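Q: Need coordinates for the following:
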Amino acid sequence: MPANPTDPRPGLDAIFFDIDDTLFSTSEFAQKAREASVEAMIKVGLEVEKEVLLQELQEVVTEFTSNYDHHFDQLLRRIPKRYFKGVNPAIIIAAGVVAYHDTKIRELAPYPDAVRLLRQLARVPELVRGIITSGLMIKQAEKLVRLGVYDLLTPTAIFISDQIGINKPNPKLYRRACSDLNLKPARCIYVGDRPRSDVDPPNALGMITVQLKRGGRHEKEEGKTKPSHEVRDFDELKGILERDFALAIPGDDAPRSGTGGHEATPPGMEALQPSV
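A: Predicted coordinates:
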């Protein structure tokens, strides 16, 4: 966006977003998917009470992290074999995997106001719309495709920690995004929900930070620095962009700048065992 020397408000060249608990409710989705998975495992012969199994699965996720690829395998290893006597363990694991993927198809959806704002920002010429996210490459990329937001983003502005080799909260991840796109950090916004991962690191580079406080699992987390702005939803973010950055955001019926992209699920992705 060209700078206006008579306007005291700062210019803006790019806005980056986190994915989890920012573009959609990761916490809510994960709970639904895990419940569906353990119910399916019980249905095919795992004789463990649902709440006990959910607690055990949560321990697996905590111990192996949410980015681990074989949560259900580890879960079943922790269960004495007498609780699934006569049942092939592969069937129990497969039941959990299928239920998780079915839940993805039914339940994985972005916040409506997030999609609305992204669609409107896609009609702002020269504004880069990007992602800076922590996680496994395919897992995070799959979310963008499933959420239907990929074609609203600038294709060259997607930065995934696993793909870059730098993870949050290392500020180098944010510096890399700005450097690759030839952007000045002071003219870039980052929107996320975690103070220690999404506020402190970009603040260290001089980026403009927006903390989304939507009642997620990290809302009460304390960081070392304060965000430039706090918002409850993307409608509030839109107001900040218009008021503080003089960004003229067109309505949904305006022509959209080309971004490329598609919404189809990549072949073979359904066969992957999910990280839960």
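Q: From now on I want contacts and neighbour counts done on CA atoms only, so please keep to that.
A: Noted.
Q: Just confirm residue 130 is within a helix.
A: No: Residue 130: not assigned to a helix; according to DSSP: H, G, I helix; E, B strand; the rest coil it is strand.
Q: residue contacts, residue 103?
A: Each residue near residue 103 by C-alpha atoms under 8 Å, 6 or more residues apart in numbering is listed here: 32, 33, 36.
Q: ok, then the element right after the helix or strand hosting it?
A: Secondary structure from DSSP states H and E places residue 103 in helix 89-107. Using DSSP H and E, the helix or strand that follows helix 89-107 in sequence is helix 112-121.
Q: So which elements touch that following helix?
A: The contact analysis (3 or more C-alpha pairs under 8 Å, 6 or more residues apart in numbering; DSSP states H and E) places helix 112-121 against helix 234-245.
Q: distance between the helix holding residue 103 and the chain's centre?
A: Put simply, helix 89-107 sits 21 Å off its chain's centre (C-alpha atoms, centre = their mean, to the nearest Å).
Q: do the same with stretch 177-190
A: 20 Å.
Q: Check stretch 102-118 too.
A: 11 Å.
Q: Now do whichever strand or helix holds residue 142 against helix 112-121, angle only.
A: Per DSSP H and E, residue 142 falls inside helix 137-147. Helix 137-147 runs at 90 degrees relative to helix 112-121, counting by axes from the mean of the first three to the mean of the last three C-alpha atoms, to 10 degrees.
Q: For helix 137-147, which helices and strands make contact with it?
A: helix 161-164.
Q: From the rest of the structure, what touches the next helix or strand after the helix it packs on?
A: Downstream of helix 161-164, the first helix or strand assigned by DSSP H and E is helix 172-180. Applying C-alpha under 8 Å, 6+ apart, the external contacts of helix 172-180 come out as 132, 157, 159, 161, 164, 166, 167, 184, 185, 201, 202, 205.
Q: can you pick the most crowded of the residues you listed?
A: residue 202 (27 neighbours; other C-alpha atoms under 10 Å).
Q: Run through the residues that contact it.
A: Residue 202 makes contact with 171, 174, 190, 208, 209, according to C-alpha under 8 Å, 6+ apart.
Q: Save those residues as a markdown table, and put in neighbour count too.
A: Formatted as a markdown table, the contacts of residue 202 follow (neighbours: other C-alpha atoms under 10 Å):
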| residue | neighbour count |
| --- | --- |
| 171 | 18 |
| 174 | 27 |
| 190 | 25 |
| 208 | 20 |
| 209 | 25 |
